[in-house]
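Student: After the sequence you'll find the predicted model.
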Amino acid sequence: MELDIGNALGGSPGLTEDTLEHLDERVGIAHERIEQGRADDEHGYAALNLPETVDTDAIRAAVEPFGTPAAVLTVGIGGSALGAATISAALADQTDVEAHFLDNVDPEDTAELLDSLPLDDTVVNVVSRSGTTAETLSNFLVVREAMDDAGVDWTEQTFVTTGDDGNLRNLADTHDLPSLKVPEGVPGRFSAISTVGLACAALQGLDIEGVVAGAQTAMDDLSGSLYDSPAYAYGAVCYGLAERGALTNAMMPYAESLEYFAEWFAQLWAESLGKEQVGQTPARALGATDQHSQLQLYRAGPRDKLVTLVRPREREDIDIPETDLEGLSYLGGSGLGDLLDAEFEATEASLAAEGRPNVRIEIDAVDAEGIGELLYAMEAATVMYGELAGLSTFTQPAVEWGKKAARGLLGGGDFAEAEAVADKRTFTIE
Ligand SMILES: O=P(O)(O)OC[C@H]1O[C@](O)(CO)[C@@H](O)[C@@H]1O
């Protein structure tokens with residue numbers, strides 16, 4: 001992975017070479033703290049050890065009994081779905097096994113998905129670190145009933161990834177379901193390079209060893225200087241720009257196969273760094289599509305954003321046919337990929353021309369190594385940003401209020417939060 005921060009210097013907001021020097025000193029100190037956390041397998045920091053601690057043979061052995069299904073249906077939410085979805089989407093052209101993700105509780109969407117699946121040849125991959133998440137367990141109960149109704153033995157087609165205890169662990173033990181454990185001390189959003197993110201890819205017969213090898217490459221690049229570590233440099237530059245007013249980070253990959261990556265990044269960045277009244281808001285964008293929807297704002301709106309542009313250096317291409325259509329002949333002979341790359345560089349330059357900070361991230365290709373490296377690098381960048389900002393990166397206390405309120409509303413216990421829902425101030429206009 002290569003990082004180019006040239007367009008983060010000098011703009012408004014922007015960094016200076018002196019700021020970078022100062023940030024580099026702080027990165028050195030933070031790196032020592034992170035290394036200590038890794039050495040002690042401390043909660044959260046342990047995530048940065050995963051390239052060394054994940055056991056891909058054990059994952060392959062656990063899913064082996066399922067053979068090669070027609071489809072894998074992953075039932076999970078947040079970190080229990082987004083890492084797996086990112087890997088499967090990035091490598092979708094390397095397997096015939098479909099991957100579907102049930103990571104919301106929309107009855108119409110769930111019904112449509114279940115109607116569309118060959119349930120007799122679908123493996124259900126249920127993932128929950130806590131084993132108690134209402135959306136995941138509800139969806140699983142619905143899927144299980146759909147399989148029953150279709151005369152399919154769900155116990156033969158269900159795979160579980162969860163913790164040592166909780167409802168899901170009890171279910172797995174009761175029905176003797178094949179299962180894997182979530183890694184110790186790794187928050188969901190940091191668990192892509194583990195059983196959580198790799199089980200689905202393994203069920204699809206994808207190159208999970210390559211994903212881990214890519215993550216290992218990024219891990220080997222961690223060092224006490226941002227000038228030698230693209231991941232830490234990205235975290236430090238984003239932090240430095242946020243300190244100077246760039247409170248939104250638009251993650252804009254220029255590859256459809258990386259669209260889920262932007263969604264995964266949004267959880268990682270928001271849930272890790274959005275606390276104590278600070279944080280940089282991740283905005284999901286896609287290049288070139290969102291040049292025609294959001295770029296106007298990024299280029300001419302408030303000077304409160306950073307744009308992160310991501311692209312693979314290599315990609316399959318399709319030639320644009322020669323044409324004598326008026327005004328289009330210049331496109332003939334180029335590839336769609338050439339056009340996409342021209343759009344990437346033009347957008348980058350258009351932001352720089354207005355002094356709008358942007359950063360370029362390039363990976364060799366959207367393949368197993370490339371996505372592994374990108375995922376790990378963004379996780380390390382998040383940990384570094386959290387250290388520099390003095391945040392507790394690995395917690396997400398603010399999400400609990402709503403969970404209690406929803407549970408109380410459904411009769412799942414007495415929660416003050418549920419009562420507070422009734423106190424809503426209304427001012428309706430129809
Ligand atoms: O894996 P679990 O425990 O089902 O949690 C799913 C997601 O919900 C959260 O706890 C937020 O509610 C995330 O941090 C997590 O990734």
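Tutor: Received it, and whenever you're ready, just let me know what you need.
Student: The residue of the chain most remote from its centre and the ligand: what is the separation?
Tutor: No residue in the chain sits farther from the centre than Asp324, which is 43.1 Å out by Cα atoms, centre = their mean. As for Asp324, its distance to the ligand is 54 Å (criterion: Cβ to the nearest ligand atom, to the nearest Å). Backbone N, C-alpha and C define where each C-beta goes, glycine included.
Student: Kindly report the same for Asp220.
Tutor: Taken as Cβ to the nearest ligand atom, the span from Asp220 to the ligand is 27 Å.
Student: ok, so what distance separates the residue most central in space within the chain from Leu117?
Tutor: The structure's the chain has its C-alpha centroid closest to Trp264; by Cα atoms, centre = their mean the separation is 1.8 Å. Going from Trp264 to Leu117 by Cβ to Cβ, to the nearest Å gives 23 Å.
Student: that older thread, I'd like the distance from the helix or strand hosting the residue nearest to the centre of the chain to the chain centre, please.
Tutor: When elements are assigned from DSSP states H and E, Trp264 belongs to helix 259-273. Centroid displacement of helix 259-273 relative to its chain, using Cα atoms, centre = their mean, to the nearest Å, is 5 Å.
Student: swap in stretch 183-197?
Tutor: The chain centroid and the centroid of stretch 183-197 are separated by 12 Å, computed with Cα atoms, centre = their mean.
Student: Give me the average confidence score over it.
Tutor: On average, the pLDDT along stretch 183-197 is 98.
Student: List the buried residues for it?
Tutor: If you call a residue buried by 16 or more other Cβ atoms under 10 Å, then stretch 183-197 has these buried ones: 183, 185-197.
Student: Count the neighbours of Asp165 for me.
Tutor: Asp165 has 12 neighbours, counted by other Cβ atoms under 10 Å.
Student: Is the residue lying closest to it once chain neighbours are set aside in a helix, a strand, or coil?
Tutor: Distance criterion Cβ to Cβ, 6 or more residues apart in numbering; nearest residue to Asp165, sequence neighbours excluded, is Gly131 at 7.0 Å. At Gly131 the chain is in coil, as set by DSSP: H, G, I helix; E, B strand; the rest coil.
Student: Mind pulling up the pLDDT for the residue of the stretch 301-430 of the chain at minimum distance from the ligand?
Tutor: Nearest residue of the stretch 301-430 of the chain to the ligand: Val399, at 3.9 Å (Cβ to the nearest ligand atom). pLDDT recorded at Val399 is 97.
Student: One more: the one 5 residues further on?
Tutor: In this prediction, Lys404 carries a pLDDT score of 97.
Student: who's in contact with it?
Tutor: By Cβ atoms under 8 Å, 6 or more residues apart in numbering, the residues touching Lys404 are Gly413, Phe415, Ala416, Glu417, Ala418.
Student: Next step: these restricted to helices.
Tutor: Here DSSP state H is the test, and the contacts of Lys404 give Ala416, Glu417, Ala418 as lying in helices.
Student: Now render these as JSON lines, adding neighbour count, distance to the ligand and pLDDT.
Tutor: Converted to JSON lines, the ones in helices among the contacts of Lys404 look like this (neighbours: other Cβ atoms under 10 Å; distance: Cβ to the nearest ligand atom, whole Å; pLDDT from 0 to 100):
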{"residue": "Ala416", "neighbour count": "10", "distance to the ligand": "19", "pLDDT": "96"}
{"residue": "Glu417", "neighbour count": "16", "distance to the ligand": "14", "pLDDT": "97"}
{"residue": "Ala418", "neighbour count": "18", "distance to the ligand": "17", "pLDDT": "96"}
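Student: wait, which of these is closest to Val383?
Tutor: Using Cβ to Cβ, Glu417 comes nearest to Val383 of the ones in helices among the contacts of Lys404, at 30.6 Å.
Student: isn't that closest one right up against Ala405?
Tutor: Yes - using Cβ atoms under 8 Å, Glu417 is in contact with Ala405, at 3.8 Å.
Student: Phe190 and Glu271, how far apart?
Tutor: 10 Å.
Student: Near the ligand, which residues of the stretch 201-350 of the chain are found?
Tutor: Counting by Cβ under 6 Å from any ligand atom, the stretch 201-350 of the chain comes close to the ligand at Glu271.
Student: Now do the same contact list for the closest residue to Phe394 other than its chain neighbours.
Tutor: Spatial nearest neighbour of Phe394, chain neighbours left out: Gly44 (3.0 Å); criterion: Cβ to Cβ, 6+ apart. Gly44 sits next to Gly37, Gly185, Val186, Pro187, Phe190, Val383, Thr393, Phe394 when contact means Cβ under 8 Å, 6+ apart.
Student: what sits against the nearest residue to the fourth one once chain neighbours are set aside?
Tutor: In space, and not counting its chain neighbours, Pro187 is closest to Phe394: 5.1 Å by Cβ to Cβ, 6+ apart. Remark: with contacts taken as Cβ under 8 Å, 6+ apart, Phe394 is in contact with His43, Gly44, Pro187, Phe190, Ser272.
Student: For the residue nearest to Phe394, give its distance to the ligand.
Tutor: From Gly44 to the ligand the distance is 12 Å (Cβ to the nearest ligand atom).
Student: cool, and Leu297?
Tutor: For Leu297, the distance to the ligand - Cβ to the nearest ligand atom - is 28 Å.
Student: residues near that residue, how many?
Tutor: 14.
Student: avg pLDDT for the one helix or strand it maps to?
Tutor: Leu297 belongs to helix 295-300 when assigned by DSSP H and E. For helix 295-300, mean pLDDT rounds to 98.
Student: what helices or strands is that helix leaning on?
Tutor: helix 336-353 (3 or more Cβ pairs under 8 Å, 6 or more residues apart in numbering; DSSP states H and E).
Student: Walk me through which strands the following helix or strand past the helix it packs on pairs with, and which way each runs.
Tutor: Later in the chain than helix 336-353, the nearest helix or strand by DSSP H and E is strand 358-363. Looking at strand 358-363 with DSSP bridges, its partner strands are strand 2-4 (antiparallel), strand 305-312 (parallel).
Student: Now tabulate those strands in CSV and tack on mean neighbour count.
Tutor: Output for the strands paired with strand 358-363, formatted as CSV (neighbours: other Cβ atoms under 10 Å):
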stretch, mean neighbour count
strand 2-4, 15
strand 305-312, 25
